[in-house]
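>>> Sequence first, then the predicted structure, then my questions.
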Amino acid sequence: MKEDFDSLVAKTSLSDNVDRRTFLKTTLGTGFAAAVLPVCAQTMIKTDTVGLTAGALEIQINGLSVPIYRAQPEGKTNLPVVLVISEIFGVHEHIADIARRFAKLGYLAIAPDLFKRQGDPAAFATIPELYKNVISKVPDDQVLGDVDACVAWAKENNGNIDKLAITGFCWGGRITWLYAAHNPKVKAGAAWYGGLVGEKNILQPQHPVDIAATLKVPVLGLYGGKDQGITQEHVALMKAALAKGSSKSEIVVFPNSGHAFNADYRPSYVEADAKDGWKRTLAWFKEHGVS
């Protein structure tokens, strides 16, 4: 699989002053949540669907129709599978674009709506409102079960789950660590600035630092040295916990980046580190038998 980031994507020519309504999320994989508007259109990456089968569909999980965004090479079978786990803002245009980037490289990429039961992240104007009304109500067990259902769906729909990977961003980065511990069939994971420590409660009974020592799946952690939420103290705790185990996971810290440095639609985007992280992710998956 070719690993040239620049050959996969092209920047949009949209003006930064474009009407906010243009970017409001309407359906899965389109637009953005109100809480992140306005977007930085001049740096936003747009990957086309030429040669792909891509778009939103629904799968049945315990009697509930759960939306997913799926992207894959058109007409291909026996594809390596990558699960793309969103930020708190849900499966919006950025997450769908990442799925398309993987699909251009030959993957069946699946980005599930893991907030379906609690609400629509796009509906809330601020991040505190979004946390209070949706994110704080999502149980880890529910999320892991929904991701399991996506893996089962992939198996029945041209995916080779013997070549299974997971990647996630912020909220989804934390889930990436947890799912790698939950499902030993995962070959490799890439966690982008996912939370590592935190208070335990009935919905979140453990955090990545708690499973690090017993983790078997190799996970690549990608973190910003200037991140004010996931501090270098947190990173050091995670590295120490990983060192007690045998997963051969690694954490890379980008000293010039803060949180969400891969989010090309936000001011936090750092192009050089985003490209480096992408290349490292692809190489990690290849090294561990996914691609």
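That came in fine, so what should we check first?

>>> Neighbours of Glu74, how many?
11 (other Cβ atoms under 10 Å). Backbone N, C-alpha and C define where each C-beta goes, glycine included.

>>> nearest spatial neighbour of it, skipping sequence neighbours?
Thr53 (5.0 Å; Cβ to Cβ, 6 or more residues apart in numbering).

>>> Run through the residues that contact that neighbour.
70-75 (Cβ atoms under 8 Å, 6 or more residues apart in numbering).

>>> so what pLDDT did it get?
Looking at Thr53, its pLDDT stands at 97.

>>> ok, now Phe115?
On the pLDDT scale, Phe115 gets 96.

>>> Hmm, Phe124 and it touching each other?
No: if you go by Cβ atoms under 8 Å, Phe115 and Phe124 don't touch, sitting 11.0 Å apart.

>>> Mind checking which of those two has more residues around it?
Phe115 (25 against 21).

>>> what's the burial count for Leu242?
Using other Cβ under 10 Å, Leu242 has 22 other residues around it.

>>> Check for me that it belongs to a helix.
Yes: Leu242 sits within a helix when classified using DSSP: H, G, I helix; E, B strand; the rest coil.

>>> ok, now which ones touch it?
With Cβ under 8 Å, 6+ apart, Leu242 has these contacts: 212-213, 215, 249, 251.

>>> Kindly provide the distance from it to Lys286.
21 Å (Cβ to Cβ, to the nearest Å).

>>> and if you look at Cys150?
22 Å.

>>> Between the two, which is the more surrounded one?
The neighbour count for Cys150 versus Lys286, taken as other Cβ under 10 Å, is higher for Cys150 (23 against 14).

>>> What backbone torsions are found at that one?
The phi and psi values for Cys150, taken as degrees, to the nearest 10, are phi -70, psi -40.

>>> quick check, nearest of the contacts of Thr53 to Phe261?
Ala71 (23.0 Å; Cβ to Cβ).

>>> Need the contact partners of the helix or strand harbouring the closest one.
Assigned by DSSP states H and E, Ala71 belongs to strand 64-73. Residues from elsewhere that reach strand 64-73, judged by Cβ under 8 Å, 6+ apart: 28-29, 49, 51-60, 79, 84, 91, 95-96, 99-100, 102-104, 106-113, 116-117, 146, 149-150, 153, 158.

>>> In PyMOL, how would I select the buried members of the residues you listed?
If you want just the buried ones from those in PyMOL, going by 16 or more other Cβ atoms under 10 Å, the selection is:
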select buried, resi 28+29+52+54+56+59+79+84+91+95+96+99+100+102+103+104+107+108+109+110+111+112+113+116+117+146+149+150+153+158
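
>>> quick one: low-confidence parts of the chain?
For the chain, the stretches with pLDDT under 70 are 1-26.

>>> Tell me the secondary structure at the residue most central in space within it.
Per Cα atoms, centre = their mean, the C-alpha nearest to the average position across the chain is that of Gly168, at 2.4 Å. Secondary structure, three-state DSSP: Gly168 is strand.

>>> All the helices of the stretch 1-150 of the chain, residue numbers only.
5-8, 93-104, 127-133, 140-155 (DSSP state H, counting those that start in this stretch).

>>> Which stretch among those helices approaches Ala190 most closely?
helix 93-104 (11.0 Å).

>>> Alpha carbons of the closest one, in PDB - could you do that?
Only the C-alpha atoms of helix 93-104 are listed here, as PDB (Å, rounded to 0.1, in the frame of the first residue of the first chain):
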ATOM      1  CA  GLU A  93     -16.800  15.300   7.700                       C
ATOM      2  CA  HIS A  94     -13.300  15.000   9.100                       C
ATOM      3  CA  ILE A  95     -13.800  11.500  10.400                       C
ATOM      4  CA  ALA A  96     -15.500  10.400   7.100                       C
ATOM      5  CA  ASP A  97     -12.500  11.900   5.300                       C
ATOM      6  CA  ILE A  98     -10.100   9.800   7.300                       C
ATOM      7  CA  ALA A  99     -12.100   6.700   6.500                       C
ATOM      8  CA  ARG A 100     -11.800   7.600   2.800                       C
ATOM      9  CA  ARG A 101      -8.000   8.100   3.100                       C
ATOM     10  CA  PHE A 102      -7.800   4.500   4.400                       C
ATOM     11  CA  ALA A 103     -10.000   3.300   1.700                       C
ATOM     12  CA  LYS A 104      -7.800   4.800  -0.900                       C
END
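
>>> and the angle from that helix to strand 64-73?
Angle between the axes of helix 93-104 and strand 64-73 is 50 degrees (criterion: axes from the mean of the first three to the mean of the last three Cα atoms, to 10 degrees).
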